[in-house]
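Undergrad: based on what follows, work out the 3D shape:
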Amino acid sequence: MIYDLSNPLHREQFKTRCNALYTKGAIVTMTEKRFTRTLSQNRYLHLILGFFAYQYGESEKWIKEKYFKILCNPDIFVRQKNDPFLGEITELRSTAEIDTAEMSLAIDRFRDWSSKEAGIYLPSPDEEELLKLVEIENERKQRYL
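TA: Predicted structure coming up:
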């Protein structure tokens with residue numbers, strides 16, 4: 001459960017839940033959520049990834065990993081790691097680990113590549129009418145997946 005402790009209702013709910021677990025003697029974990037990018041950026045990314053995936057005929061997961069991260073933004077997402085048993089391995093960073101500026105750059109690169117190389121136009125964040133249509137298309141395609 002995520003609580004926004006700047007919200008008075010959430011603060012009280014958190015206290016109640018925390019006290020109940022304390023009284024119970026439960027084993028718990030607590031982490032502070034830090035949003036390194038905006039929620040609207042995340043929503044926009046998934047809108048365009050879903051639209052591209054639908055147009056291209058691949059899964060959104062595949063598009064995000066292979067085209068968005070590896071092909072268009074390797075400097076942001078691809079990391080090499082040396083493992084003592086496996087040798088050098090490649091890991092992909094999560095989008096949750098990058099900040100707003102990196103996310104903007106990554107999205108711009110993907111949009112440019114999509115238009116130039118794949119021939120699929122992806123609307124910019126300020127094209128609200130087109131984004132509404134993309135959202136509708138993404139919802140409609142869910143029926144068929």
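Undergrad: against which helices or strands is the strand or helix carrying residue 107 packed?
TA: Residue 107 belongs to helix 100-113 when assigned by DSSP states H and E. Helix 100-113 sits against helix 39-56, helix 74-77, with contacts defined as 3 or more Cβ pairs under 8 Å, 6 or more residues apart in numbering; DSSP states H and E. Glycine gets a C-beta too; all of them are placed from N, C-alpha and C.
Undergrad: in the last one, what's buried?
TA: It refers to helix 74-77. Buried residues in helix 74-77, counted by 16 or more other Cβ atoms under 10 Å: 76-77.
Undergrad: just the C-alphas of that helix, formatted as PDB.
TA: Included here for helix 74-77 are C-alpha records, laid out as PDB according to Å, rounded to 0.1, in the frame of the first residue of the first chain:
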ATOM      1  CA  PRO A  74      21.200   2.400 -25.200                       C
ATOM      2  CA  ASP A  75      23.300   5.100 -23.500                       C
ATOM      3  CA  ILE A  76      20.400   5.600 -21.000                       C
ATOM      4  CA  PHE A  77      19.200   2.000 -20.400                       C
END
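Undergrad: just to revisit the earlier point, looking at the helices and strands packed on helix 100-113, which is nearest to residue 15?
TA: Residue 15 sits nearest to helix 39-56 of all these, at 25.3 Å, using Cβ to Cβ.
Undergrad: what are the ranges of the strands in the chain?
TA: Assigned by DSSP state E, the strands in the chain fall at 78-83, 87-92.
Undergrad: reformat those as JSON lines; add mean pLDDT and distance to residue 60.
TA: Formatted as JSON lines, the strands of the chain follow (pLDDT from 0 to 100; distance: least, Cβ to Cβ, whole Å):
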{"stretch": "strand 78-83", "mean pLDDT": "95", "distance to residue 60": "19"}
{"stretch": "strand 87-92", "mean pLDDT": "96", "distance to residue 60": "15"}
